[in-house]
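Participant: turn this into a model:
(one chain, ligands or ions: 1)
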Amino acid sequence: MSNKPQVLVVMGSRSDLPCMEKTIEMLKEFKISYEVRAISAHRTPQAVLKMAEQAKDNGVKVIIAGAGGAAHLAGVIASSTTLPVIGVPIQTSALGGMDSLLSIVQMPGGIPVATTAIGNAGAKNAGILAAQMIALYDDEMAQRVAEFKQTQAESVLRNAHIDI
Ligand code: RP5
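Facilitator: Predicted coordinates:
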């Protein structure tokens, strides 16, 4: 999307894209500019650190990092930026995403990563959470987030009756 991304979406591998597309869908819904990169904490560590160090100066407000397995991407990014970092644990075939979850959530004190649920729900929520962070200083975004929640609630209530 735009050349001045508000949100940087990073994933450990292109194989994470089907899940991380749920994040991108939400960023589009909230009209948030974003940039997407597949870059690995293990395979390309220097490139990850450089990207993390430069993000704030490039105008990025929130970084979302999805990774699976030994998922160190979000933590490594958080080590090298003061921007808020949201980690998305990718569901894995070997361990169902528990490996990703624990790798992302169990950060040492001093380097926080806001960790979402495993898989698609977590990827979706990462996009919404980024919108809520931006809404702290952007009234139009706050309005969009409020409308999103209202629409969601109305949809649930419209379908609340279960005829069984
Ligand atoms: C992680 O390893 C990636 O985030 C991905 O979830 C997993 C597997 O990567 P590939 O072998 O499919 O590239 O770093």
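Participant: hmm, Val62 and Met133 touching each other?
Facilitator: Yes: taking CB atoms under 8 Å as the definition, Met133 is a contact partner of Val62 at 5.3 Å. C-beta here means a position set from N, CA and C on the backbone, and glycine is covered the same way.
Participant: hey, what's in contact with both of the two?
Facilitator: Pro84 (CB atoms under 8 Å, 6 or more residues apart in numbering).
Participant: higher neighbour count, the two?
Facilitator: Neighbour totals were compared for Met133 and Val62, and Val62 leads with 26 against 19 (other CB atoms under 10 Å).
Participant: for the closest residue to that one other than its chain neighbours, give its distance to Leu157.
Facilitator: In this structure, Val62 finds its nearest non-sequential neighbour in Ala130, 4.4 Å apart by CB to CB, 6 or more residues apart in numbering. Separation of Ala130 from Leu157 (CB to CB, to the nearest Å) stands at 26 Å.
Participant: is the residue nearest the centre of the chain in a helix, a strand, or coil?
Facilitator: The centroid of the chain falls nearest to Ile64 when counting by CA atoms, centre = their mean (3.3 Å). State at Ile64, reduced to three classes by DSSP: H, G, I helix; E, B strand; the rest coil: strand.
Participant: I'd guessed it sits against Val10; true?
Facilitator: Yes: assessed by CB under 8 Å, Ile64 is found in contact with Val10 at 7.1 Å.
Participant: report how many residues lie close to Ser13.
Facilitator: Neighbours around Ser13, by other CB under 10 Å: 16.
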